[in-house]
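> Okay, here's the prediction I keep looking at, along with the sequence it came from:
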Amino acid sequence: MSRSGLLVDGFGRIHTDLRISVTDRCNLRCTYCMPLEVTFKPREELLTYEEITRVARVAAGLGIRTIRLTGGEPLLRRDLAQLVRQLVAVPGITEVALTTNGLLLADQAASLRQAGLTRLNVSLDSLREDVFERIARRSGVDRVLAGLAVARREGFDDIRINAVSIKGLTEGEIVPLARFCRAEGFHLRFIEFMPLDAEHAWEKSQVLSGADVRALLEAQVGPLVAVTAADAGQPAVDYRWGDGTGRVGFIDPVSHPFCDRCDRLRLTADGQLRNCLFSTVEWDVRHVLRIAGDDAEIVSLLRECVAAKRAAHGIDTPTFERPARAMYQIGG
Ligand code: SAM
Ligand code: SF4
């Protein structure tokens, strides 16, 4: 495909990854993501699987190759495996991945695997139920662990565990999570806390940096050796333990923004295209879909969205403006 056919922004970044949120609903209430009391979008405002697949097909024609399903909690959407089947069949799509909190994974891992889901990320911030509940404001560790066990039994390998790092809250979870993931063969990734919480409580001082987490791991578990990334667009910097085992990654959007190599676009559950997690502008693809617009109109929206992408999120700049939507409404 020639470069002109691709989704290239004003800074030369080629977009090959589409993050699709399938719902804003969730069975947890993580403090860094959702409010405790929440009004969800009415169902009719959410894109149907047919609508999502159509956008994916058009985007694949413009060079999108990988898709990640997210939310809210994607496994709350009925028969998600059906959507996976549809997306896997889109010409040009090489990978369909899922980010989930894992609570419903034990029941759905088999059907997702059979549907062709390529990759699985499970979010787990703590192995201790009391800390999990303090963060997620609901219980769940045992169900997440059961989901992980079933997922592995069903043949998902290279499962990634995502853990958000927050100063004063998660320090005690880092080493136990690392030991657990090393023993179980899960790829652990620590993510810095971003200003996308619904309660607008984020402060820079709460960001526990990837460097601090790494220092703690090296002091208490052992040396980490950097691994060269196979995929340049990959935001995580990965390490192995000194003995060559395990894999620990750090996604540091606050301390080390990776905007210069960002290849992602986002589609919210209610059908809005976004060019950044921190975008304050959206492109209404649902409107085009529901007025029976043609594919060329979807192409135009995708191109407009990409063309308007800023160089960087600018969290650290005085002009930084928080997006109106919180993480659960965008899709992480
Ligand atoms: N419910 C699913 C889950 O928790 O995996 C998918 C959606 S969730 C929004 C996707 C990822 O975003 C999770 O790994 C979550 O920990 C992360 N996340 C949510 N809010 C965040 C924030 N303010 N800063 C950093 N990561 C965040
Ligand atoms: Fe739900 Fe995931 Fe947000 Fe937690 S991070 S509230 S599990 S959407």
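Great, that's in hand. Ligands and ions are numbered 1, 2, ... in the order given.

> Now do the same contact list for residue 38.
Listed by C-beta atoms under 8 Å, 6 or more residues apart in numbering, the contact set of residue 38 reads 29, 198, 328. In this view, the C-beta of every residue, glycine as well, is placed from N, C-alpha and C.

> Could you rerun that using 10 Å?
24, 25, 26, 29, 72, 198, 326, 328, 329 (C-beta atoms under 10 Å, 6 or more residues apart in numbering).

> contacts with ligand 1 among the residues you listed, please.
26, 328 (C-beta under 6 Å from any ligand atom).

> which bits of this structure sit near ligand 1?
So the chain meets ligand 1 at 26, 32-33, 70-71, 73, 99-101, 123, 162, 164, 191, 193-194, 196-197, 327-328, 332 (C-beta under 6 Å from any ligand atom).

> 8 Å - rerun?
21, 26, 28, 30, 32-33, 70-74, 99-102, 121-123, 125, 162-164, 191-197, 202, 253, 326-328, 330-332 (C-beta under 8 Å from any ligand atom).

> where does the stretch 151-300 of the chain have low pLDDT?
The stretch 151-300 of the chain contains residues with pLDDT under 70 at 232-233.

> Can you tell me the element the residue of it found nearest ligand 2 falls in?
Nearest to ligand 2 in the stretch 151-300 of the chain, going by C-beta to the nearest ligand atom, is residue 164, at a distance of 7.8 Å. Following DSSP states H and E, one finds residue 164 within strand 160-165.

> Which residues belonging to that strand are considered buried?
Along strand 160-165, these residues count as buried under the neighbour rule (16 or more other C-beta atoms under 10 Å): 160, 161, 162, 163, 164, 165.

> dump the residue contacts of the last one.
Taking C-beta under 10 Å, 6+ apart as the definition of contact, the neighbours of residue 165 are 125, 171, 173-174, 190-193, 206-210, 212-213, 216, 250-252.

> ok, now with 6 Å
190, 208, 213 (C-beta atoms under 6 Å, 6 or more residues apart in numbering).

> One more: the fifth one?
Applying C-beta under 6 Å, 6+ apart, one finds that residue 164 lies in contact with 32, 125, 191, 193.

> Mind picking the two most distant members of the residues you listed?
Greatest spatial distance in those: 125 and 193, 10.6 Å, computed using C-beta to C-beta.

> what about the two, which has more around it?
For residue 125 versus residue 193, the count of surrounding residues by other C-beta atoms under 10 Å is larger for residue 125: 28 against 23.

> Going by distance to ligand 1, which of the contacts of residue 165 wins?
residue 190 (10.1 Å).

> Is that closest one in a helix, a strand, or coil?
Assigned with DSSP: H, G, I helix; E, B strand; the rest coil, residue 190 falls in the strand class.

> Report the beta-bridge partner residues of it.
Counting by DSSP bridges, residue 190 forms beta bridges with residue 163, residue 250.

> Let me know whether it touches residue 213 as I believe.
Yes - using C-beta atoms under 6 Å, residue 190 is in contact with residue 213, at 4.8 Å.

> Show me what the helix or strand harbouring residue 19 packs onto, helices and strands only.
Using DSSP H and E, residue 19 sits within strand 17-21. Judged by 3 or more C-beta pairs under 6 Å, 6 or more residues apart in numbering; DSSP states H and E, strand 17-21 is in contact with strand 66-70, strand 264-267.

> who in this protein is up against ligand 2?
Checking the chain against ligand 2 by C-beta under 8 Å from any ligand atom, the hits are 26-30, 32-34, 70-73, 99-101, 103, 123, 136, 164, 327-328, 332.

> Derive a PyMOL selection command for the buried subset of those.
The buried residues among the residues of the chain next to ligand 2 can be selected in PyMOL (16+ other C-beta under 10 Å) with this line:
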select buried, resi 26+28+29+30+32+33+34+70+71+72+73+99+100+101+103+123+136+164+327+328+332
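
> In the stretch 101-250 of the chain, which residue sits nearest ligand 2?
residue 101 (3.6 Å).

> show me the contacts for that residue.
Contacts of residue 101 (C-beta under 6 Å, 6+ apart): 28, 73, 123.

> export the residues you listed to CSV and tack on distance to residue 62?
Shown next, in CSV, are the contacts of residue 101 (distance: C-beta to C-beta, whole Å):
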residue, distance to residue 62
28, 34
73, 29
123, 30
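
> Inside strands: which ones of the residues you listed?
residue 123 (DSSP state E).

> picking up where we left off before, taking the contacts of residue 38 one by one, which sit in helices?
328, 329 (DSSP state H).

> Quick one: neighbours of the nearest residue to residue 8 once chain neighbours are set aside, just the number.
What sits nearest to residue 8 in space, not counting adjacent residues and going by C-beta to C-beta, 6 or more residues apart in numbering, is residue 14, at 5.3 Å. Neighbours of residue 14 under the rule other C-beta under 10 Å: 13.
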